[in-house]
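Engineer: Here is my input, please return the structure:
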Amino acid sequence: MLRNLLALRRVTQRTFSTACRRHFENKVPEKQKVFQEDNGLPVHLKGGVTDALLYRATMFLTLGGTVYALYLLTLASFPKKQD
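Structural biologist: I've put the predicted structure just below:
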């Protein structure tokens, strides 16, 4: 019983340790250089191809949704014919 408690204590100490096991490289200065350089691109497109694709998909969905909403509003504004 005491051995189990000691093992549990050891596991919890390892789990909640504040020491970092992996060392990550700080990439923030590199990203700051990319986003702060003056190359004529807007900020939302400086990330590369992925940002451009996300921007185009967002614009397509926004415009498509607006057109569809206007279509449904015009469809709902005219009464249906009674047969």
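Engineer: The residue nearest the centre of the chain: which element?
Structural biologist: Nearest to the mean C-alpha position of the chain, by CA atoms, centre = their mean, lies Leu54 at 10.3 Å. Element membership for Leu54 (DSSP states H and E) is helix 49-77.
Engineer: Relative to the whole chain's centre, how far out is that helix?
Structural biologist: 20 Å (CA atoms, centre = their mean, to the nearest Å).
Engineer: Also stretch 44-51?
Structural biologist: Worked out by CA atoms, centre = their mean, stretch 44-51 lies 13 Å from the chain centre.
Engineer: How about residues contacting that stretch?
Structural biologist: Identification of contacts with stretch 44-51 by CB atoms under 8 Å, 6 or more residues apart in numbering yields 34-35, 39, 52, 55. Glycine gets a C-beta too; all of them are placed from N, C-alpha and C.
Engineer: any chance of those residues in CSV, plus distance to Leu45, neighbour count and pLDDT?
Structural biologist: CSV is the format used below for those (distance: CB to CB, whole Å; neighbours: other CB atoms under 10 Å; pLDDT from 0 to 100):
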residue, distance to Leu45, neighbour count, pLDDT
Val34, 12, 12, 88
Phe35, 11, 11, 89
Asn39, 10, 6, 88
Ala52, 6, 14, 93
Tyr55, 6, 14, 94
